[in-house]
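Asks: sequence and computational prediction follow.
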Amino acid sequence: MTPLLSVRDLVKRFPVGRRGWFARDPRHVTAVDGVSFDVERGGALGLVGESGSGKSTTARMLVGLIEATSGSIRLDGDELVGLSRSGWLPHRRRVQMIFQDPYASLDPRQTVMSILTEPMTIHALGKPRERLVRALGLLEAVGLSARHARRYPHEFSGGQRQRVGIARALALEPELLVCDEPVSALDVSIQAQIVNLFKDLQERFGLAYVFIAHDLAVVRSLCDRVAVLYLGRVVEEAPRDVLFAAPAHPYTRALLSAVPVADPAVERRRERIVLAGDPPSPASPPSGCSFHPRCPVRASVPDDRCARERPHPLPVAAANDARAACHLVETSTVRAT
Amino acid sequence: MSAPRWNLAPSNVDAALVEAAGARGTGPWTDAWRALRRNRVASFALWFLVGVGLVSALAPLLPLPSPVALRLLDQPAPPTPPWTSFLEPGFVPEYWELGPIDRALVSVRQSLFGDLQTAHWLGTDGKGRDLLSRIVWGSRTSIGVAWMATLTSLLIGVTWGALAGLLGGRVDAWMMRVVDLLYSLPFVFLVIFLITIVNGWKDVLVGRFGIDREVLFYVSIGAVYWLTMARVVRGQVLSLRRAEFVEAARQMGASTPRILFAHVVPNVLSIVIVYLTLSIPAVMLFESFLSFLGLGIEPPRVSWGLLAVDGADAINPLRVDWWLVAGPAAAMATTLLALNVLGDGLRDALDPKLRARSGGTST
Amino acid sequence: MSTQHTSTQHTKTDRGTGGSTSSPVLDVVDLRVRFETDRGVVRAVEGVTFELHAGETVGLVGESGSGKSVTNLALLGLLPRPPAVVEAARAALLGRDLLRLSPRELRAVRGREIALIFQDPMTALNPFLTIGRQLGEVLETHENATRDAARSRARSALADVGIPDPDRIVDAYPHEMSGGMRQRAMIAMALLCKPKVLIADEPTTALDVTVQAQILELLRDVQRRHGTGIVLVTHSLGVVAGTCDRVLVMYAGRVVETASTARLFESPLHPYTRGLMASVPSLTGDPRARLASIPGTPPDPAAPLPGCAFAPRCSVAIERCGRDVPALDRIVLRGDEGQRAAACFVAGAELAGGSANGTTTGAKNARQDVDFGATGAAP
């Protein structure tokens, strides 16, 4: 069965540098450097990465806010890259985005009712009279109540605002939700509520998610596949249980070992892989494997191959349906179909 | 129109509709209004200005002496306080050409008060004209100029700035270059230039289109004052473009006009209002300055600027007719002060950072 | 009303965990902070008591509105008063009462004896000065060092916190550095005069996970070497588990539970602590399970309700919880890891032997997650 979303070799380069009277060749920053992944219907893919990994840029390309430099994004077979604004319009109903900052993603001058009915108006969804009722239904679906309908964003807490944002995204009945760190700005006790809400909505409406988060534990509770990004490239992509139990890529291992665990016994005992240095900036990427300057096991690869040759994601021999981009990881010769 | 696929009705539709109708939230404008009311100084300034506006608008109705009736042989008379003499006879309905509403008001005034007019509470000038009356009638001109000029600058400035901010890129750069260029020219020369040109075409404009000198004056000032408004609006629009709610609107398919009018403009309005309130004083002062130079309002009309001119002339070593300076100066100073205070209060009240993050628990 | 002001003196005695049995470097008893605004009084902190010994790390855990950051700002005199009003029975740094110091004395103490590092290093670092100048300024102010001496000490301080290439960084501006490096520079600045107490307010929240691990490691290292007492404010239970010796859990301006880290995670007493721990997703356990969340939202500090602040969201609240405020010494247990306490009328007897997580909440249907429970009683 064809996946709902199929991304291949997605690249985004931003021009940097002066373009003035003396137009030199502008330099470029490559934010996304050839990313590929699939999302199944009703599935959930977690995109994990640190600053500079390109996950936000990728997300915005998926919903058409940023134009891709090259590559392909296929939504149920329809190519999205290269579409004009009017070409995108019918697809807007199929993929929607949820933003990170609940305080900035709602127009402070609109009532909740207006926020929810706006997408319906733009797409002429349903009869105008029905839209009010549908908006009330959306409020109920995300755990708010009808008495919130005529209120303004500033009268709500962060968690409630995020629910409104989710309701707005659902107004168009999308098949895919791209969520850009939707719980990072919320208190811990509210995070759990919203994560549960995501689970419920997925069940109720059969949604697929591309879920971006830096909190690996949250990703684990929602997603069935996880892709790890580093400096614009996918370094590992695997089913959730495989990734968390047996990470193949050294960066994934370091990432997992750096996540603090709410158990003092585990914390004191565990072996921490502490990486040297900071995440690199996309403006000056390392040669070859972008992770090699910080990689703890780079020396195991002969001829300094890691500094010269860029590894590509290949199926991992030890695991089913997992790919890793590392010269060190044993890959299988049998390509997964 | 496309048909929805999901069943999204609330579990109890009627109850939900009733609940929704019941609770209304307080919008950001209501919130700002309340914040302004809490600021006592700014509230006072607001009511003061409302009072000034009322008096100014109803000037023909008030029992004031004529602002233009000349008695050339008189010396300037010092103020007669109201408790000494409240009203006195001798009203002569002499004015410059008034519009129909004003003429109607004058006739109402005549039937109400007949011959009576206020005694010269603020004194008279060298031509026998009552100062209080001239101040009140002058306020109409000054306030009128301020309003028209500011509105003109608003229209031009907001459009220019919003377009530049929204379109971005080269267009934005060029539009702002024009602003920078105009900024570097001295205002006075520009206005003189404009007024001179306009004067040359005066007959055509007045004759064919019925636009009089005053309107041209207003528009000239406004045409010069829009620059800062454009910059301010552009800055605000630029930051709004990046706001996540604008991104959200775009990714749901909103067209650029919709984003502009439904999202950007309402959020720019607050800064425009503040800037409006704060630029009116500047325009009033500028008008005074121009009138001082003889380029502005011409007699027999009166404005605060012209009164300042008269007052300045009155200062000589022989007589100190202090009231001719004190009256207009006090009027202008208090009004400008009130406008500035109100502008400050509005800016504080409209600043979302001071309130929005309280994250109320809406239950 | 009277229950709100029950003093928590009991919890002062019988400490001595992690650090030494000597007198505490930081001794706070019944700290209260309120803000008198034109919209009414906002009670941000209502009676916080704790001790910090040398070489010990105390964690202040809470969510927004818990008052954890305000506590530290108040101790350092960084809250503008008015509108803030700060009172305490005792707020002593090495015996000196912080709240009674004159502004001049306070300036001398800040940086020298007690230092603060923030969540966002860009708020602490001046974007117009090089790092070397900023560090040098601290030394020139507090120790009357000369420019050259200050610069070389700044350089070695940067090296001490693990900044690579300190010679270049000394002349660099904050915006030229990455987030992790800026945080290290801020820590270096805080440690310059070798303070006895370091207050770290969410120092790693804005950082990437791998960088966070580095910074926490750095803090541990600093503590080992200099014996600094650290007060770590955070909302992350994972960070607490890995770095703190003792923990204070705060909710709505009060301390609701305090214990050694090991005991707290092993058997949390207060329903809020239990709910918090149950709602944190973990890297082990069944990923498909729903997270046990605490229903409702944290209260608004400007509009407090009577009784226990957590009662509207509490699954085991009884009628009394809506009327009276439980004091921290409601439940006091003494053990070999020092004393622990919880402010709850219900916990202890009922929960001591029961299940250790709040699955009662999770078992109810999904609607409960979003019942804001303004009526107060248990859902």
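Replies: Alright, I've got the coordinates. Here the structure is a predicted model, which means the values were calculated and not measured.
Asks: low-confidence ranges in the stretch 201-337 of chain A?
Replies: A:331-337 (pLDDT under 70).
Asks: can you list the residues of it near chain C?
Replies: Residues of the stretch 201-337 of chain A found near chain C (C-beta under 8 Å from any C-beta of the partner chain) are A:214-218, A:220-221, A:240-241, A:244, A:254-268, A:272, A:274-275, A:277-279, A:281. (Glycine included, C-beta is placed from N, CA and C.)
Asks: what residues are up against the residue nearest the centre of chain A?
Replies: Within chain A, the residue whose C-alpha comes closest to the C-alpha centroid is residue A:212; the distance, by C-alpha atoms, centre = their mean, is 3.2 Å. Contacts for residue A:212 (C-beta atoms under 8 Å, 6 or more residues apart in numbering or on different chains) come out as A:46-48, A:55-56, A:59, A:178-181.
Asks: same thing but at 10 Å, please
Replies: Applying C-beta atoms under 10 Å, 6 or more residues apart in numbering or on different chains, we find residue A:212 in contact with A:45-49, A:53, A:55-56, A:58-59, A:98, A:100, A:178-182, A:184, A:219, A:229.
Asks: quick check: the gap between residue B:137 and residue B:128.
Replies: Per C-beta to C-beta, to the nearest Å, residue B:137 is found 15 Å from residue B:128.
Asks: quick check on the residues of the stretch 201-337 of chain A next to chain C: which are buried?
Replies: When these are checked for burial by 16 or more other C-beta atoms under 10 Å in any protein chain shown, the buried set is A:214-218, A:220-221, A:240, A:244, A:254-264, A:266-267, A:275, A:278-279.
Asks: the stretch 101-250 of chain A: helices as residue ranges?
Replies: A:112-122, A:128-141, A:158-170, A:188-205, A:216-222, A:240-245, A:250-258 (DSSP state H, counting those that start in this stretch).
Asks: show me where the stretch 101-250 of chain B dips below the pLDDT cut-off.
Replies: B:202-214.
Asks: what about residue C:106, which helix or strand?
Replies: Here residue C:106, judged by DSSP states H and E, is contained in helix C:103-109.
Asks: ok, and what's touching that helix?
Replies: Looking at what lies outside helix C:103-109 - C-beta under 10 Å, 6+ apart - the contacts are C:76-78, C:93-94, C:96, C:98-102, C:114, C:141-142, C:195.
Asks: chain center to it: distance?
Replies: 23 Å (C-alpha atoms, centre = their mean, to the nearest Å).
Asks: same thing with stretch C:250-258?
Replies: The answer for stretch C:250-258 is 11 Å, by C-alpha atoms, centre = their mean.
Asks: same thing with stretch C:42-55?
Replies: 9 Å.
Asks: partners of the residue nearest to the centre of chain A in the sheet?
Replies: residue A:47, residue A:180 (DSSP bridges).
Asks: check the spacing between it and chain C real quick.
Replies: 14 Å (C-beta to the nearest C-beta, to the nearest Å).
Asks: what is the neighbour count of residue 142?
Replies: Assuming you mean chain A. Residue A:142 is flanked by 21 other residues according to other C-beta atoms under 10 Å in any protein chain shown.
Asks: that answer is for a different chain, and I need it for chain B
Replies: Neighbour tally, residue B:142, other C-beta under 10 Å: 29.
Asks: what's it in contact with, if anything?
Replies: Residue B:142 neighbours (C-beta under 10 Å, 6+ apart): B:56, B:135, B:280, B:283-285, B:287-288, B:291, B:297, B:302-307, B:328, B:331-332, B:335.
Asks: now, those that are in strands?
Replies: Residues of the contacts of residue B:142 located in strands (DSSP state E): none.
Asks: output stretch C:133-140 as CSV, nothing but the C-alphas.
Replies: Output in CSV follows, covering the C-alpha atoms of stretch C:133-140 (Å, rounded to 0.1, in the frame of the first residue of the first chain):
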residue,chain,number,x,y,z
ARG,C,133,35.3,42.5,29.6
GLN,C,134,32.2,41.3,31.3
LEU,C,135,34.0,38.8,33.4
GLY,C,136,36.7,41.3,34.1
GLU,C,137,34.1,43.8,35.3
VAL,C,138,33.0,41.4,38.0
LEU,C,139,36.5,41.0,39.3
GLU,C,140,37.2,44.7,39.1
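Asks: neighbouring contacts of it?
Replies: Stretch C:133-140 is contacted by residues C:111-112, C:115, C:124-126, C:128-130, C:145-155, C:157-158, C:170-171, C:173-174, C:185-186, C:188-193 when judged by C-beta under 10 Å, 6+ apart.
Asks: buried among these? Make that a ChimeraX selection.
Replies: The buried subset of the contacts of stretch C:133-140, as determined by 16+ other C-beta under 10 Å, is captured in ChimeraX by this line:
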select /C:111,112,115,124,125,130,145,150,151,153,154,155,157,158,170,173,174,185,186,188,189,190,191,192,193
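Asks: so of the contacts of stretch C:133-140, which ones are in strands?
Replies: residue C:115.
Asks: residue C:321: which of the helices of the stretch 101-250 of chain A is closest?
Replies: helix A:188-205 (18.0 Å; C-beta to C-beta).
Asks: the residue of the stretch 151-300 of chain A found nearest chain B: neighbour count?
Replies: Residue of the stretch 151-300 of chain A nearest chain B, by C-beta to the nearest C-beta: residue A:151 (3.2 Å). Close neighbours of residue A:151, defined as other C-beta under 10 Å, add up to 22.
Asks: what's the answer for residue A:299, then?
Replies: 9.
Asks: return the backbone torsion pair for it.
Replies: Note on residue A:299: its backbone torsions stand at phi -70, psi -20 [degrees, to the nearest 10].
Asks: contact partners for it?
Replies: residue A:306.
Asks: which of residue B:137 and residue B:128 has more residues huddled nearby?
Replies: Counted by other C-beta under 10 Å, residue B:137 and residue B:128 do not tie: residue B:137 has more neighbours, with 23 against 17.
Asks: give me the nearest residue to that one, chain neighbours excluded.
Replies: residue B:67 (4.4 Å; C-beta to C-beta, 6 or more residues apart in numbering or on different chains).
Asks: any idea how far residue B:301 is from that neighbour?
Replies: 9 Å.
Asks: need the residues touching each of those two.
Replies: B:95-96, B:137-138.
Asks: between those, which sits nearest residue B:108?
Replies: Distances from residue B:108 to those, taken by C-beta to C-beta, are shortest for residue B:95, at 14.5 Å.
Asks: burial check on that closest one, number of neighbours?
Replies: With other C-beta under 10 Å as criterion, residue B:95 counts 17.
Asks: again, but for the one 10 residues further on
Replies: Burial measure for residue B:105: 18 neighbouring residues, criterion other C-beta under 10 Å.
Asks: wait, it sits on residue B:93?
Replies: No. Applying C-beta atoms under 10 Å as the test, residue B:105 and residue B:93 come out as separate, 11.2 Å apart.
Asks: ok so residue C:333 is a helix residue?
Replies: No. Assigned with DSSP: H, G, I helix; E, B strand; the rest coil, residue C:333 falls outside any helix and is strand.
Asks: what are the bridge partners for it, then?
Replies: With DSSP bridges as the rule, residue C:333 is bridged to residue C:340.
Asks: ok, now how distant is it from residue C:347?
Replies: 11 Å.
Asks: so which of those two has more stuff around it?
Replies: Neighbours were counted for residue C:333 and for residue C:347 using other C-beta under 10 Å; residue C:347 has more, 24 against 15.
Asks: run through the residues that contact that one.
Replies: Counting by C-beta under 10 Å, 6+ apart, residue C:347 has contacts C:256-257, C:268-274, C:314, C:316, C:326, C:330-331.
Asks: domain parsing for chain C?
Replies: C:120-194, C:262-370 (automatic domain parsing).
Asks: between those domains, which one is nearest to residue A:205?
Replies: domain C:262-370 (14.2 Å).
Asks: pLDDT averaged over that closest one - what is it?
Replies: Averaged across domain C:262-370, pLDDT comes to 75.
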